Each structure stands twice: as C-alpha cells, then as structure tokens.
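**Student:** Below: sequence and its predicted model.
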Amino acid sequence: MAASPRSTSSTAESGPVRPATGAPPLVEARSVGKRFGDVDAVSGVDLEVRPGEIVGLLGANGAGKTTLMRCLLGIVSPTSGTTELFGDSPSRRNRARLGYVPQGMGLYRDLTVDENAAFSAAAYGSTPPDLDDDRLIERVPLGEQRRVAFDIATAHRPELLILDEPTSGVSATEAASLWDAVGAQAERGVGVLVTTHNMSEAAQCDRLVLMVDGLVAAQGSMADILGGAQVVMVETGDWQAAFDRLSAAGLPVSLAGTTARVLVDDEPAVRAALGDLQARVGSAAATLDERMAMLR
Ligand SMILES: Nc1ncnc2c1ncn2[C@@H]1O[C@H](COP(=O)(O)OP(=O)(O)OP(=O)(O)O)[C@@H](O)[C@H]1O
C-alpha cells in the first residue's frame, strides 16, 4: 500500500482546501478522563478533529483509543473533562451528523446486507444506499463486511466519521480500497478520526495522536511521533546467545529474523551486555511499533 502523506491542499479546480484548519472542530475533547474501577483508561486527553482532516489515533492494545472514541460519541460519560460534538454536548440529535464504525462493525449478522442498510437508514431517517446484496452478513467475508459497514456509516452523508480499526483483519488490497474511500470522504470536507495499528495507514493521516496508557504521549506528523528515536541493532552468528545476554541485562530486545533490535538508544549499554560475543552493533531508526513500546 502507498505510504505517501496525503495532500493537504488543493486548487480551485479540484475542490476545497483541506484540512480546514481555521474551521471550528467537529468534535473536541478537553482534559477527558475515563476511569473503570481502578483503571484509568483515558487520562486528561485533549483532541479535536476539523472538517476535511484525517486524524489517526495510535496506540498499543489497551492504550485507551476505543474508550476515548466512546467518550467523544457520548456512548460513555467521561469521569472528568468535557466533550463536544458539533459545538454541543453529544446527543442523539447531533450524533445523527456523524458516522461511526465500531471495531465489531455493528452489523446484524442474521440480517442481509440490504436489510442492515435499510435498518441504519431508518435510524438516520435517510435513504438506504443501493448495495443490492441479499447475502446474510454472517456469509459475507470479513473484508467485505468492513466495506459494507463503511458504506452504511457514510450513506447519510455524515460530516464526521469515527472509525475504530476499520481495516483490522482485511487484505492489503481491501485496506487500500477502504483508505481510498476514507480519503474521498476527507476531500469532501468530512473530518475523520480513525484508529490503526498499521504504519503505512498512519502515514496517510494528516495528523497523528499517539496514546500510551490512557495519555497522549506524542502528536503531530509521523516524524513528530517517531521523534528521531533510534534503536540498537545487533547482528551476530549466535543470535540466541545475543538475545539471552541482552535479556539477562534487562534490555528490551526483539528479534527481526536473526537480527536483534534493542529498544534503547544506548550502544555502550548493549556492547557491555554482549560482553565478548562477536557481533556487529549499530543504530537504526525506530519503527512506529518500537517507538510506542519505548514510550511505555
Ligand atoms: N467497560 C470497561 N470496563 C472495564 N475496563 C474497561 C472497559 N473498557 C475498557 N476498559 C479498560 O480500559 C483500558 C483501555 O481499553 P480500550 O479498549 O479503550 O483500549 P484500546 O486502545 O482501544 O485497545 P485495542 O487496541 O485493543 O482496542 C484497558 O485497560 C481496558 O481493559
């Protein structure tokens, strides 16, 4: 899939300039916190999405992304802070101006594609999309289900889209096609908040927000998120011994093939842990997953 950043401007011929940075936010969180028992799922998060921008919400499993989305939607009440949808408290009325695709897609498995579309259109008081598909959802492959969920969520022409891992479990081709559709929505001026674990998808967002343990740990462009972070790479014929020695020294290490990648920007510490083991040691730019792990 292409990993090029999306265009953020366009000419008079090609439509409105996006993202519309001067426009008021479609959705906004101010110091939002959500606690479940003794778990702070979300802590003091500020976030906003404006018309025409694609904001990527990143973070490891359990970082608080879904909980934050549910707070923004008004599905759960924040324990602290405030949220606004279209400049007002989240309500049934202003939720009709957005499209939401939860991780589980929210489709009825025992209804057909067309029946799901009709059900959703009735809820929004809009015309059902012409999907012309009488297969039961449970018979539709996951990749197609995700596309159906997206098409249904956009059928009433929402101004804001909230997509929770829209490409989880789908093929690279299906994911690319879905991202084309997301891009087309943004070109029309729709604001998009989307979670992803995929680096090339993150690269297609206009702005990224990285959550770690309920907090916003970094935000901005991919370069801002990566922050120039470096890891140490270790190449050796005896990768098992290298792995054992690095682990024994308490260094966070993972294997990429037979190359060990140590998630610290500290070559001397790595050389010390390897001791007399013959190895080539050097630095490399951290990947997004490594950066997330380093921020934990
Ligand atoms: N209803 C709930 N009751 C109790 N704890 C919850 C509830 N919902 C979420 N949590 C906890 O809040 C934290 C954040 O979960 P959340 O699902 O928001 O993370 P996430 O970043 O969306 O993860 P994933 O990428 O796996 O979807 C986790 O520790 C989770 O166990």
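**Tutor:** Received the coordinates, thanks.
**Student:** Give me the neighbour count for Cys205.
**Tutor:** In terms of burial, Cys205 registers 25 neighbours under the definition other CB atoms under 10 Å. C-beta: built from backbone N, CA, C; applies to glycine.
**Student:** what's the pLDDT at it?
**Tutor:** Per-residue confidence for Cys205 comes out at a pLDDT of 96.
**Student:** for Pro5, same thing?
**Tutor:** With respect to pLDDT, Pro5 scores 45.
**Student:** again with Gly191
**Tutor:** According to the model's per-residue confidence, Gly191 sits at a pLDDT of 98.
**Student:** Mind checking the pLDDT average for the lengthiest helix in the chain?
**Tutor:** Scanning the chain for the helix with the most residues, using DSSP state H, yields helix 172-187. With pLDDT averaged residue by residue, helix 172-187 scores 96.
**Student:** Dump the C-alpha coordinates for it into PDB.
**Tutor:** These are the backbone C-alpha positions of helix 172-187, laid out as PDB (Å, rounded to 0.1, in the frame of the first residue of the first chain):
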ATOM      1  CA  ALA A 172      -3.900  -5.300   1.800                       C
ATOM      2  CA  THR A 173      -6.000  -4.700  -1.300                       C
ATOM      3  CA  GLU A 174      -9.200  -4.300   0.700                       C
ATOM      4  CA  ALA A 175      -7.400  -2.000   3.200                       C
ATOM      5  CA  ALA A 176      -6.100   0.200   0.300                       C
ATOM      6  CA  SER A 177      -9.500   0.500  -1.200                       C
ATOM      7  CA  LEU A 178     -11.000   1.400   2.100                       C
ATOM      8  CA  TRP A 179      -8.400   4.100   2.700                       C
ATOM      9  CA  ASP A 180      -9.200   5.500  -0.800                       C
ATOM     10  CA  ALA A 181     -12.800   5.800   0.300                       C
ATOM     11  CA  VAL A 182     -11.700   7.400   3.600                       C
ATOM     12  CA  GLY A 183      -9.600   9.900   1.600                       C
ATOM     13  CA  ALA A 184     -12.500  10.600  -0.700                       C
ATOM     14  CA  GLN A 185     -14.700  11.500   2.300                       C
ATOM     15  CA  ALA A 186     -12.000  13.900   3.600                       C
ATOM     16  CA  GLU A 187     -11.800  15.500   0.200                       C
END
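**Student:** What is the subsequent helix or strand relative to that helix?
**Tutor:** Sequence-wise, the next helix or strand downstream of helix 172-187 (DSSP states H and E) is strand 191-195.
**Student:** so does that next one get close to the ligand?
**Tutor:** No. Against the ligand, strand 191-195 shows no contacts by CB under 6 Å from any ligand atom, the least distance being 6.8 Å.
**Student:** Just the pLDDT for Pro24.
**Tutor:** The pLDDT attached to Pro24 in the predicted structure is 88.
**Student:** how much space between the nearest residue to it once chain neighbours are set aside and Ser221?
**Tutor:** Once flanking residues are discounted, Pro24 sits nearest to Gly87: 6.2 Å by CB to CB, 6 or more residues apart in numbering. Noted for Gly87: a distance of 27 Å to Ser221, by CB to CB, to the nearest Å.
**Student:** This structure: strands as residue ranges?
**Tutor:** In the chain, the strands defined using DSSP state E lie at 27-36, 39-49, 54-58, 80-85, 98-101, 160-163, 191-195, 207-212, 215-220, 230-235, 253-256, 259-262, 280-285.
**Student:** now those in CSV, with mean neighbour count?
**Tutor:** Output for those, formatted as CSV (neighbours: other CB atoms under 10 Å):
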stretch, mean neighbour count
strand 27-36, 19
strand 39-49, 20
strand 54-58, 26
strand 80-85, 18
strand 98-101, 23
strand 160-163, 25
strand 191-195, 26
strand 207-212, 23
strand 215-220, 17
strand 230-235, 21
strand 253-256, 15
strand 259-262, 22
strand 280-285, 12
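**Student:** Comparing those, which yields the minimum mean pLDDT?
**Tutor:** Mean pLDDT is lowest for strand 253-256 among these, at a mean of 91.
**Student:** who's in contact with that one?
**Tutor:** When contacts are taken as CB atoms under 8 Å, 6 or more residues apart in numbering, the neighbours of strand 253-256 outside the stretch itself are Trp239, Phe243, Leu246, Ser247, Ala260, Arg261, Val262, Leu263.
**Student:** Cool, thanks, talk later.
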